[in-house]
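Trainee: sequence and predicted structure are below.
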Amino acid sequence: MAVVWNKHLVLGLVLGFCLVFSLGELERFVESPKADGSLAFLVVGDWGRRGNYNQTEVARQMGIIGEKLDINFVVSTGDNFYEDGLTGVDDPAFKESFVNIYTHSGLQKQWYNVLGNHDYRGNVEAQLSPILKKVDSRWLCLRSFVVNAEIVELFFVDTTPFVDEYFREPKAYDWSGVLPRKPYLSNLLKDVDLALKESRAKWKIVIGHHPIKSAGEHGSTAELIAQLLPIIQANNVDLYINGHDHCLERIETSDSPIQFLTSGGGSKSWRGDVSWPNPKELKFYYDGQGFMTVQVTEAEIDVVFYDIEGRVLHQWSTAKPLFSII
């Protein structure tokens, strides 16, 4: 008996195959470098407090520096809305903590946001909703994704579901889209590993809310050290950038080539909370509010930390040869 193929059936099968084939891959976004091939972006974390705790002052300096550097975009390391995320897409906190605060002309660029643990205490889907982009076109928040900017790729990782203690009080967090947890984390780690392996960028930067290594109040995250760190080390990642600890810091350890950078000073900071076993590894620590900038060329990365008055607190750079010998 002859089989008659309906064009709609064929299209459905093809689309279905493509959907299955693409399942699990991280969504990708493209940023074009400047005409000279360079790239610049700001990093701020732990900020959403309706302008309180010097959030407005930090935002003003971010705008001034952002305009001066002609940044390509802004990175948020999470805890975007305190204390309990957003209640929905119509929550006034979105305007009160984001739209009405980051008004400087130097900040009218794309914002790439990850979720923090406080964001998971609210309606997670609200922050992920494209409806918010209609309210403010700068907003983009996903659980995990990749930004490809040719010379550098940024890999954003949803770190909150890794932390065991949050699951001891499950009613306090919105785990829709995460449960069952084990396969979620397993698939995420596979996706990150694959994306890093496939990357041909000169520089690789991984961004998450929780620190892998930190001297702040929360300190290092054991679950990330055990599960994520081996993957990013095996794939030659240059920087790991996080928030969560309300401070600015840079850690360089003898057992890893990765620079561990914290930018969690977007609003409320923790004074005096610092502890690290090897002082030589703690290259910089500031227990006040501020933010950081990252400038990238094919040959070099430059990182600068600023306080709420726009003063440079710390600078660090590293270089790679323009051409590698095979």
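Mentor: That came through, no problem. Residues are numbered from 1 along each chain as shown.
Trainee: ok, now which ones touch residue 318?
Mentor: 238, 259, 300-301 (Cβ atoms under 8 Å, 6 or more residues apart in numbering). Backbone N, C-alpha and C define where each C-beta goes, glycine included.
Trainee: can you check residue 37 too?
Mentor: Applying Cβ under 8 Å, 6+ apart, we find residue 37 in contact with 150-151, 297-298.
Trainee: hang on, it in a helix?
Mentor: No. Counting by DSSP: H, G, I helix; E, B strand; the rest coil, residue 37 falls outside a helix, being coil.
Trainee: dihedrals phi and psi, it?
Mentor: phi 90, psi 0 (degrees, to the nearest 10).
Trainee: what does residue 222 give?
Mentor: Dihedral angles (degrees, to the nearest 10) for residue 222: phi -60, psi -40.
Trainee: count the neighbours of it for me.
Mentor: For residue 222, the count of nearby residues is 12 (other Cβ atoms under 10 Å).
Trainee: quick one: pLDDT of it?
Mentor: Residue 222 is assigned 98 on the pLDDT scale.
Trainee: do residue 281 as well
Mentor: On pLDDT, residue 281 comes in at 98.
Trainee: torsion angles phi and psi at it?
Mentor: In terms of degrees, to the nearest 10, the main-chain angles of residue 281 are phi -80, psi -20.
Trainee: measure the residue nearest to it when sequence neighbours are not counted to residue 159 for me?
Mentor: Sequence neighbours aside, residue 253 is the residue nearest to residue 281 in space, at 5.0 Å (criterion: Cβ to Cβ, 6 or more residues apart in numbering). Between residue 253 and residue 159 the distance is 19 Å, computed by Cβ to Cβ, to the nearest Å.
Trainee: again with residue 296
Mentor: The gap separating residue 296 from residue 159 is 23 Å, by Cβ to Cβ.
Trainee: could you do residue 95 as well?
Mentor: Distance from residue 95 to residue 159, by Cβ to Cβ: 27 Å.
Trainee: quick check: buried residues in the longest helix along the chain?
Mentor: The single longest helix within the chain, with elements called by DSSP state H, is helix 181-198. Buried residues in helix 181-198, counted by 16 or more other Cβ atoms under 10 Å: 184-185, 188-189, 191-193, 195-196.
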